[in-house]
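[1] What follows is a predicted structure for the sequence shown.
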Amino acid sequence: MSAPFMVSQTAGLVLAVVLGFFFGLFLERGGLGNPHKLTGVFYLTDFSVPKVMFTGMLVAATGLYLLSDLKILDMNRVWIVPTFFWPQLVGGALFGIGFLFSGYCPGTAVAGFATGRLDALVTMGGIGAGSLVFAVVYPAIEGFYFSSPMEGATLPSVLGLSHWVVMAFVYVMAGGMFYVMERYERKR
Amino acid sequence: MKKDNFWSPYIAGAGLGLTLLATFVIVGWGLGASSAFSLLTGIGLDKLNPAYAHKLTYFTQYLNVEAPLLNWVLFEIMGLFVGALVGSVAGGNFRVRFDKAEHMSTGTRLVSAFGGGILIGFASRLARGCTSGVALSGGAQLAIAGWVFVIAMFVSGFVGAALFRRLWS
């Protein structure tokens, strides 16, 4: 039997709690429940966010493509995050400002609230309100929301390169970034 | 101020990556967060004003489901809360507080926390997910979505920090 496994809804929800537990544990232990650390990257004072985030991406990407090459994981049955270029570019840019103002993102707001931070609860309320605003204006922006679809496009598929060539670029880029961050932090 | 005894960000990041990998392998999709907020808002509105909630096309995806609360991301977020709580208590880092930059007034913090949240909530729906569902999960799949989102987010965060220099520093 190859992964991903088909699980019943009940088993899926139990797994969701377990996987979520480790997600929250590692976020908090990495310092990502703390808005000072979360916004530090934008002021070049604390690089916890890119360090945790890109290490996580590298580890998961390496494992994902390795297990796929070893035929342990059937990549065709993994749901690939769909790309809609312009809405995601604009969404990412708006998100960056919201992240900077609040000091949180949705997952880290929950982690921050779990460390006793009441301001994170205010942000959680704001995220709900923002979802409502989106739902209200949705008919007017539906065209934009579905524009520039690229469905399951990935860097290897678009660039026409092997996924390990792309990964090599990502390792070098992340390694260089970590090196610069460490040097910069030591100098301060 | 007592220094928080966090783990090395590389160790925490590796743990996060293994958790994400386990999620891909076991259930066949990645981790998420923002959709739980949208789901709860849709369900909450349906309780308060069902006629209006059903008029909002975007929310009907949650309301036309048999048991909308039995949602994978919602359960994952409950686990996330417990995991972060255990982490902060074990790390001696749990304290009930209203966190803000030192010079920030409580009023400013209320506005920045709530206003920032509104932007995040709106942007996450437009981008079909947030730092978890699009940036982290999509980025690890080498999906275009993840890298477009993450680059746009950091560029705009840096520009924003240059414009609002005194917000957090």
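    Looks like it arrived, so ask away.

[2] just the helices in chain A please.
    All helices of chain A, identified by DSSP state H, fall at A:9-29, A:35-40, A:48-69, A:85-102, A:106-114, A:118-145, A:155-159, A:163-187.

[3] Determine which stretch of those helices is the most buried.
    Each of these was scored by mean neighbour count; the highest is helix A:106-114, a mean of 29, by mean count of other CB atoms under 10 Å in any protein chain shown. Just so you know, the C-beta spots here come from the backbone N, C-alpha and C atoms, and that holds for glycine as well.

[4] Against chain A, how distant is the residue lying farthest from the centre of chain B?
    Going by CA atoms, centre = their mean, the residue of chain B most distant from its centre is residue B:51, 28.7 Å out. Using CB to the nearest CB, to the nearest Å, residue B:51 is found at 14 Å from chain A.

[5] Before we move on, what's the pLDDT of that residue?
    Residue B:51 carries a pLDDT value of 97.

[6] Same question for residue A:30.
    Reported pLDDT for residue A:30: 98.

[7] that older thread, now name the helix or strand holding the residue farthest from the centre of chain B.
    helix B:50-55 (DSSP states H and E).

[8] Flag the shaky bits of chain A, pLDDT-wise.
    Under the criterion pLDDT under 70, the flagged ranges of chain A are A:1.

[9] need the contact list for the spatially most central residue of it.
    The centroid of chain A falls nearest to residue A:53 when counting by CA atoms, centre = their mean (7.2 Å). Contacts for residue A:53 were tallied using CB atoms under 8 Å, 6 or more residues apart in numbering or on different chains; they are B:13, B:131, B:135-136, B:150.

[10] Could you rerun that using 7 Å?
    Neighbouring residues of residue A:53 by CB atoms under 7 Å, 6 or more residues apart in numbering or on different chains: B:13, B:136.

[11] and if you look at residue B:57?
    Here residue B:57 is in contact with A:138-139 (CB under 7 Å, 6+ apart).

[12] swap in the one 3 residues further on?
    Residues touching residue B:60, when contacts are defined by CB under 7 Å, 6+ apart, comprise residue B:54.

[13] For residue B:114, see how far away it is.
    For residue B:60, the distance to residue B:114 equals 27 Å [CB to CB, to the nearest Å].

[14] Please enumerate the helices of chain B.
    Counting by DSSP H, the helices of chain B are B:9-27, B:34-48, B:50-55, B:60-63, B:72-90, B:106-126, B:137-140, B:144-163.

[15] from memory residue A:151 sits against residue A:82, does it?
    Yes: here residue A:151 reaches residue A:82: they are 5.4 Å apart, a contact under CB atoms under 7 Å.

[16] Tell me where the model's unsure across chain B.
    B:1-4.

[17] Distance check, the closest residue to residue A:126 other than its chain neighbours against residue B:89.
    Excluding the flanking residues, the one nearest residue A:126 by CB to CB, 6 or more residues apart in numbering or on different chains is residue B:117, at 1.9 Å. Going from residue B:117 to residue B:89 by CB to CB gives 25 Å.

[18] swap in residue A:61?
    Taking CB to CB, one finds residue A:61 at 32 Å from residue B:89.

[19] go on, residue B:132?
    Distance from residue B:132 to residue B:89, by CB to CB: 23 Å.

[20] Compare those two (neighbour count), which wins?
    Between residue B:132 and residue B:89, residue B:132 has the larger neighbour count (other CB atoms under 10 Å in any protein chain shown), namely 28 against 14.

[21] Now for the more buried one: which residues touch it?
    A:106-107, B:31-33 are the contacts of residue B:132 under CB under 7 Å, 6+ apart.

[22] right, and out of those, which lies closest to residue B:5?
    Ranked by distance to residue B:5 (CB to CB), the contacts of residue B:132 are led by residue A:107 at 21.7 Å.

[23] shouldn't the closest one be in contact with residue A:27?
    Yes: under the contact definition of CB under 7 Å, residue A:107 touches residue A:27, with a separation of 6.5 Å.

[24] returning to that earlier point: what about the helices of chain A, which gets the closest to residue B:65?
    Using CB to CB, the helices of chain A put helix A:9-29 closest to residue B:65, at 11.7 Å.
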